[in-house]
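[1] Sharing a model prediction with you, sequence too.
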Amino acid sequence: KKYLNDLLVPILNDLVDIKVLERILGDLGIKEDIPVSTPQIDFSKLEGQTVRICNKIIRYMRAYDITDVSKLIQRDEIELFNVVSKTKEHVIQTIQVSKFKDILKSKDIIKHGDDIDEKFLEFLQVSPAHEDIIVI
């Protein structure tokens, strides 16, 4: 399945202008359900698979009445990360990418054998220097 996907996606991308197709589908009322952006997170830059993963997490949280992503994850999986800027310092909650993938698979948010989209991981990264750690 992965091999077929790796083979066909570049071919389809060459044959079909995705942005034009997305605009046409949007004009017809068919579009991705993008989560509402907050001052901390701008979801408008996400596309495709990344949006679907976000929506699956949101649906799971609603189904189990979870109001905070950090409650989706066991406390011992969460690591605190100190962030320092010129004007302030604060602590953020993080998790190792591998642990996050395991959690999503254990809750059937992503299927075993599937992987998390690289854009999704980049979106949640603490920084490019710490690509194996994401913000909760």
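    Thanks, I have it. Residues are numbered from 1 along each chain as shown.

[2] Give the next helix or strand downstream of the lengthiest strand in the chain.
    Longest strand of the chain, by residue count under DSSP state E: strand 89-96. Downstream of strand 89-96, the first helix or strand assigned by DSSP states H and E is helix 97-106.

[3] From the contact counts, what lies against that following helix?
    Judged by 3 or more Cβ pairs under 8 Å, 6 or more residues apart in numbering; DSSP states H and E, the packing partners of helix 97-106 are strand 133-135. Backbone N, C-alpha and C define where each C-beta goes, glycine included.

[4] I'd guessed His112 sits against Ser106; true?
    No - in this structure His112 lies outside contact range of Ser106 using Cβ atoms under 8 Å: 9.4 Å.

[5] If I follow the layout properly, Ile134 ends up in contact with Ile95?
    Yes - here Ile134 reaches Ile95: they are 6.2 Å apart, a contact under Cβ under 8 Å.

[6] Quick one: work out the angle between the longest strand of the chain and helix 97-106.
    Orientation note: strand 89-96 sits at an angle of 60 degrees relative to helix 97-106 (axes from the mean of the first three to the mean of the last three Cα atoms, to 10 degrees).

[7] ok, and what's touching strand 89-96?
    Residues outside strand 89-96 that contact it (Cβ atoms under 8 Å, 6 or more residues apart in numbering): 70, 73, 77-83, 103, 126, 132-136.

[8] how about 10 Å then?
    Contacts of strand 89-96 from elsewhere in the structure, counted by Cβ atoms under 10 Å, 6 or more residues apart in numbering, are 68-70, 73-75, 77-84, 100-103, 124-126, 130, 132-136.
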